[in-house]
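Peer 1: Give me a model of this one.
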Amino acid sequence: MVIPELAALLTVLPAGLVAFYVWLLKSRKGSLPITNDECAFDKNKYGHILNFDKYCLYIHEKPTLIISGEFHYFRIPDKSRWESILKKYRAGGFNCVRLYFHWGYHSPDEGIYNFDDNRDIDYLLNLCENLNLYVLAAPGPYICTETQAGGFPFWVLEKVKRVRHMLYTGFKKYDPEFSAYQKQWFEKILPIIAKHQITEKQGGCVIAVQIENELFEKVINIPFGLHDEMKFLCKVARDCEINVPLFTNDPNEVGSFIIKPSSNFLNRGSFGLDLYGFDKYFVFVPASSPTPWAFNVVQDPKKWKPWKPKDVANALDVIEKTTRSYGPEAANTPIFIPELQGGWFTTYKLQHTFDDVYNYYGGAFTRTAYESVLAQGCTMASIYMVYGGTNWGTLGDLDGYTSYDYSACVREYGYMSSRIRELRLGIHFIRSFSDLFTKTERVKNPNISTSIKNVFNLQRQSVMKNVKRGDEVLFSFFRNFNDQKLPIFQVFVKYKEGQRREQKFSMNCFLQYKTSFIALGNYITITGLKLIFSTLPIYLRIIQNQVNEIWIVPVNDVGELAFQGEVTIDGNLGSSIRKVGHAIHIVSFNGVGGFARIRNADSKGDLYILALRNESLNVYFDPLNSVLETQYGDQEHDITILFSREPSKHVRFQSHPTYPLPFVYKKQFTAGEKTSEVHLVPKLLRWRYRTTDFNDLDWRKIDLKNGGPIENYYASGHILYNARFSSNYSSSKVNLSINMRHRCTIFVNGRFVGGHTTYSRQLFFPGSKFGPELFKYLGGEKYDITQFLHPNGDEEKNSLVILVENWGISRQSVIFNDVRNPRGIISANIDGLVKETKLNWSICGVDLRKLDNPFNTSGIPDEHKNFDWKESEKGINGYGVIPNDGIKWWSFRFSHPLESKFKDILNAPLRLVLYGSFTSYIFLNDTLIGRYYGNGDCAQHDYYLMDGLLKFGDEENQITMMVYSWETVNPEEIIVEIRGWEIDDVKKTGNLIKPKKGVDEDIDEVKPWIVRKEHIPLT
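Peer 2: Okay, here's the model as predicted:
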């Protein structure tokens, strides 16, 4: 009978699975009576201002490329730097920023919302408008971004159980209470955003609003995301007068929340947004890959294997095909990537720094990735990150310690690295040809091939009105992923002139391994010259008075230009011409800087080729006042400027010796002359210290089961626990067993016992950085505390103090329900006491609801105590760190080494350098700017002192350090100093230059990076 029963079961099982799938799918669709039409962008009303088709956005009816970069205002505590950083985005060629708005940063407690000072987003949006930057606004409510709780306020975590509607990991159930809190946030933030919409304000900056973040609709084809969740948020956005297009960002291109045809039964009840966006992350640092389990990780960055080109190709080269396959809406809206990888973060317990991350990716990575998605027809992309900033205070979660440099285009201290200098060459090309580049179709049968493999990606043709078939401008995407890493190869071009037979000719091309460029072909200049193909990269096109055309190109003696018909050339570039067939003339140059003028007998004007070397400056053009704002370092001495009209007579412009043309001028810089007067190692003065007296703190009795940071609103930094117990022991050995997250430091009767860290990069393990902890009751440690106790039978009670540091609340990412992973003490027991002994637990910390900023705290209640300080002649460098001192506070003062008279023309970023096996929270002028772990829990030793927090002139700056240690640290082992940033300004990495071990090199001989600033009026 077993076999028939088994057969019957196997017959019923598929039907049961199908029924379960249908139920799951229907339950995910929800029941809220909100339709797609209610939340759709009104093209009829606003289409003349903002519109879109499958190619691109149309802004005021003009096809527009959206070249965007991520900008986190909340990671820049000094609002005065917002403008200077955003100007670097503009200098890099960006015309847009994506802005996440951090709910928890604005709301320390229920009903309290702060939008002033460094949270003044109205000011921020006005600033974007003044800088001609469009904005992709992302108000969450969930933002992820490696921040605590993914951006949710701590008070929300205490009040609701299903954060992000997550019932369990991998399963959601709609929670009206949580939605009500989300609505509260939207009703505060969206009206501010709404008044800056391009559809509402002349010169408005907001062109689209993102709803939620990385919200899967399906995970491995299993229904997961709640349509009611998305419906509700979209409807609230529309009710708050958001009328620009709405979008969300899939974690990758899997087709979530796209409007689908209801003719398919499975699509009925589906909800979709106006624009389909998806994120792309594809190359990860070997030691910090986002895999669930990280065993056998190569920690030493010197042993990392280079990233594989095939990982880039496999991830990016099918975007267009995949996205367009999702149906009508995905096929009829622009290909849109709200987050395109521009670096990577690093985390705790790793050996490498962001300088190592930068070296791993290299200077060309971001450009190569960006041009790879452009090859897929993507006209809306935002690079994450362009400037990373700082996890100042306790902003970061377990995936981010103090620095959030991200090895980004602009380094944490403001340096424009080789990555943005390389990227903007590609950006300038597509922007200067945007009238042709914005609307393209993929060419099925390209007219070119190459002599080696994996250097030619694909070809696209411009889709323009009134262009004859065959006359479309061609864009060919080159990307050197050749296995032999060969930089020089031949390009074979097929070309048919009129009625003549098609011919094939070769051109030479130079392209370094793992770099890219977009080649121009089948293009007619304003002067009437026809370019058949160019293997010489073109950085920039300038049309001069509708008569002449100027191309900026690199110094390159390999690349060539193929023209139809005979051409004549003059200039100083040392050009040569070779003829192919009847009328193809191929031009090459000798690899020096200079210019060439090209024309033919029928030319209306001249085509100028200007060959420039790769050095490029940070230049922002202020169109309102017609002023160039330049920033430059030691390696730059002058600037070359192309004028469309005669320059100002009030400025000393010189004719350029290399480019003796009437529209090219040279300007010598002058601010650099002042840098010899700047010394960037200030003296540390007026050292003081004090100690936290645990007995003076305001302790509150608790049941240890309710002793976590969320329920006590102690979620930033440290929590202190105290247990008092009698001196009656049943054993000669007394042990403390403690399980906590993430770091603890233990004192018994004022003496240091020990400490440890519980943290893991493995899913489910104790202290897991993401995902739920399945083994939370593991991970404890046992300490023998016998020697620290009062004698047996002593009348005085023992006092146990446990200092626990929380590295951050998990961020509830993707499918994980981990925001309530345990923090603080999970369990603590003492063995060896008589049975009737009770442990009476108390707790103290900093109640975040009472703070203006819930992240600007160490968690130690007396952190702002102004009395009981004692003077110290030597400071911590002379005293050392003794564990039995408990929590000791050190303070010193210094004057900014840059004199006030130079402030307008020079900028000298400073860093605090720390070495020594101690732990420290660092305050600069009362702002918590960093967390230091000298025991190896974190690799960071250099902390950016934000320019806007520093005082100049006669005003002194104060740094206060909260210090404790698990071992005695001798004075000679400690370094505390303030320096400039001695960096690689030759290769333009921005990496710190540090003495090599075993090499007698004085770091003081390396010049710090000093920014020279100069404003050049052009009229």
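Peer 1: so what pLDDT did F152 get?
Peer 2: F152 is assigned 98 on the pLDDT scale.
Peer 1: ignore the last one, I746
Peer 2: pLDDT at I746 comes out at 98.
Peer 1: Nearest spatial neighbour of E472, chain-adjacent residues omitted?
Peer 2: Q461 (4.0 Å; CB to CB, 6 or more residues apart in numbering). Any C-beta I mention is one placed from the backbone N, CA and C, and that applies to glycine too.
Peer 1: surely the one you found meets K439?
Peer 2: No. Checked against CB atoms under 8 Å, the pair Q461 and K439 is beyond contact range at 10.0 Å.
Peer 1: list residues touching both of these two?
Peer 2: Here Q461 and K439 have no joint contacts, going by CB atoms under 8 Å, 6 or more residues apart in numbering.
Peer 1: Please give me every residue in contact with W344.
Peer 2: Contacts of W344 (CB under 8 Å, 6+ apart): 283-285, 288, 357, 361, 406-407.
Peer 1: now do F510
Peer 2: 487-488, 535, 556, 558-559.
Peer 1: Can you add distance to L763, secondary structure and neighbour count and give these back as JSON lines?
Peer 2: Converted to JSON lines, those look like this (distance: CB to CB, whole Å; DSSP: H, G, I helix; E, B strand; the rest coil; neighbours: other CB atoms under 10 Å):
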{"residue": "P487", "distance to L763": "42", "secondary structure": "coil", "neighbour count": "15"}
{"residue": "I488", "distance to L763": "46", "secondary structure": "strand", "neighbour count": "12"}
{"residue": "T535", "distance to L763": "48", "secondary structure": "coil", "neighbour count": "30"}
{"residue": "N556", "distance to L763": "49", "secondary structure": "coil", "neighbour count": "18"}
{"residue": "V558", "distance to L763": "49", "secondary structure": "coil", "neighbour count": "17"}
{"residue": "G559", "distance to L763": "49", "secondary structure": "coil", "neighbour count": "24"}
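Peer 1: which pair in these spans the largest distance?
Peer 2: P487 and T535 (12.6 Å; CB to CB).
Peer 1: before we move on, back to that, any idea which of the contacts of W344 is least confident?
Peer 2: Lowest pLDDT among the contacts of W344: S288, 87.
Peer 1: pretty sure that one is touching T346, no?
Peer 2: Yes. Contact criterion CB under 8 Å: S288 and T346 qualify, at 5.4 Å.
Peer 1: And the two? Which one has more around it.
Peer 2: Taking neighbours as other CB atoms under 10 Å, S288 and T346 compare with T346 leading, 25 against 19.
Peer 1: For the more buried one, which residues are in contact?
Peer 2: With CB under 8 Å, 6+ apart, T346 has these contacts: 285, 287-288, 352-354, 357, 401, 939.
Peer 1: Which of those residues fall within strands?
Peer 2: Judged by DSSP state E, strands contain none of the contacts of T346.
Peer 1: Compare the contacts of W344 and tell me which is most surrounded.
Peer 2: S407 (31 neighbours).
Peer 1: Next, the contact list for the most centrally placed residue in the chain, please.
Peer 2: For the chain, the residue nearest the mean C-alpha position is M385 (2.7 Å; CA atoms, centre = their mean). Going by CB under 8 Å, 6+ apart, M385 touches 69-70, 72, 342-343, 404, 406, 408-409.
Peer 1: how about the contacts of T346 in a markdown table, adding distance to G750?
Peer 2: Below are the contacts of T346 laid out as a markdown table (distance: CB to CB, whole Å):
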| residue | distance to G750 |
| --- | --- |
| V285 | 43 |
| A287 | 39 |
| S288 | 39 |
| H352 | 38 |
| T353 | 37 |
| F354 | 39 |
| V357 | 42 |
| Y401 | 30 |
| A939 | 32 |
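Peer 1: Find the nearest non-adjacent residue to F894, please.
Peer 2: P682 (4.4 Å).
Peer 1: so D399 makes contact with L350?
Peer 2: No. Assessed by CB under 8 Å, D399 is found out of contact with L350, at 10.9 Å.
Peer 1: Neighbour count: those two, which is higher?
Peer 2: Neighbours per residue (other CB under 10 Å) separate D399 from L350, with D399 holding more: 25 against 21.
Peer 1: List the residues that contact I586.
Peer 2: Going by CB under 8 Å, 6+ apart, I586 touches 505, 507, 560-563, 577-580.
Peer 1: For the helix or strand that contains the residue nearest to E472, give me every contacting residue.
Peer 2: Q461 belongs to strand 456-462 when assigned by DSSP states H and E. The contact list for strand 456-462 (CB under 8 Å, 6+ apart) reads 317, 372, 375, 377, 436-437, 439-443, 446-450, 472-479, 491, 516, 522.
Peer 1: chain center to that strand, what's the gap?
Peer 2: Chain-centre distance of strand 456-462: 29 Å, with CA atoms, centre = their mean, to the nearest Å.
Peer 1: again, but for stretch 486-499
Peer 2: Per CA atoms, centre = their mean, the centroid offset for stretch 486-499 relative to its chain is 39 Å.
Peer 1: got it, and stretch 967-985?
Peer 2: So, by CA atoms, centre = their mean, the centroid of stretch 967-985 is 27 Å from its chain's centroid.
Peer 1: before we move on, what about stretch 908-928?
Peer 2: That offset, for stretch 908-928, works out to 23 Å (CA atoms, centre = their mean).
Peer 1: Can you point out the buried residues in that stretch?
Peer 2: Within stretch 908-928, the residues that count as buried by 16 or more other CB atoms under 10 Å are 908-912, 914, 916-925, 927-928.
Peer 1: Between the two ends of it, what distance do you get?
Peer 2: 21 Å (CA to CA, to the nearest Å).
Peer 1: Give me the mean pLDDT for it.
Peer 2: Mean pLDDT, stretch 908-928: 98.
Peer 1: now stretch 587-597
Peer 2: For stretch 587-597, mean pLDDT is 93.
Peer 1: Stretch 678-696 too?
Peer 2: pLDDT averaged over stretch 678-696 gives 94.
Peer 1: List the buried residues in that stretch.
Peer 2: 680-682, 684, 687-690, 692, 694.
Peer 1: again with stretch 463-473
Peer 2: Of the residues in stretch 463-473, those buried (16+ other CB under 10 Å) are 472-473.
Peer 1: what's the answer for stretch 508-527, then?
Peer 2: For stretch 508-527, a neighbour-count test (16+ other CB under 10 Å) marks 508-511, 513-523, 525-527 as buried.
Peer 1: And for stretch 868-885?
Peer 2: 872, 875-877, 879-883, 885.
Peer 1: Looking at these, which has the smallest pLDDT value?
Peer 2: N877 (92).
Peer 1: Which strands or helices does the helix or strand harbouring that residue pack on?
Peer 2: Secondary structure assignment for N877, by DSSP H and E: helix 876-879. With contacts taken as 3 or more CB pairs under 8 Å, 6 or more residues apart in numbering; DSSP states H and E, helix 876-879 sits against strand 685-691, strand 975-980.
Peer 1: Parallel or antiparallel, which strands does the shortest one pair with?
Peer 2: When pairing is defined by DSSP bridges, strand 975-980 lines up against strand 910-915 (antiparallel).
Peer 1: What of the first one?
Peer 2: Strand 685-691 has its sheet partners listed here by DSSP bridges as strand 870-871 (antiparallel), strand 888-894 (antiparallel).
Peer 1: ranking those strands by burial, who's on top?
Peer 2: Highest mean neighbour count among the strands paired with strand 685-691 (mean count of other CB atoms under 10 Å): strand 888-894, with a mean of 20.
Peer 1: Extract the C-alpha set from it and format it as PDB.
Peer 2: Extracted as PDB, the C-alpha positions of strand 888-894 are listed here (Å, rounded to 0.1, in the frame of the first residue of the first chain):
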ATOM      1  CA  LYS A 888      39.700  58.700  30.900                       C
ATOM      2  CA  TRP A 889      39.100  62.000  29.000                       C
ATOM      3  CA  TRP A 890      42.000  63.900  27.400                       C
ATOM      4  CA  SER A 891      41.700  67.300  25.900                       C
ATOM      5  CA  PHE A 892      44.100  69.600  24.100                       C
ATOM      6  CA  ARG A 893      43.900  72.800  22.000                       C
ATOM      7  CA  PHE A 894      45.600  73.900  18.900                       C
END
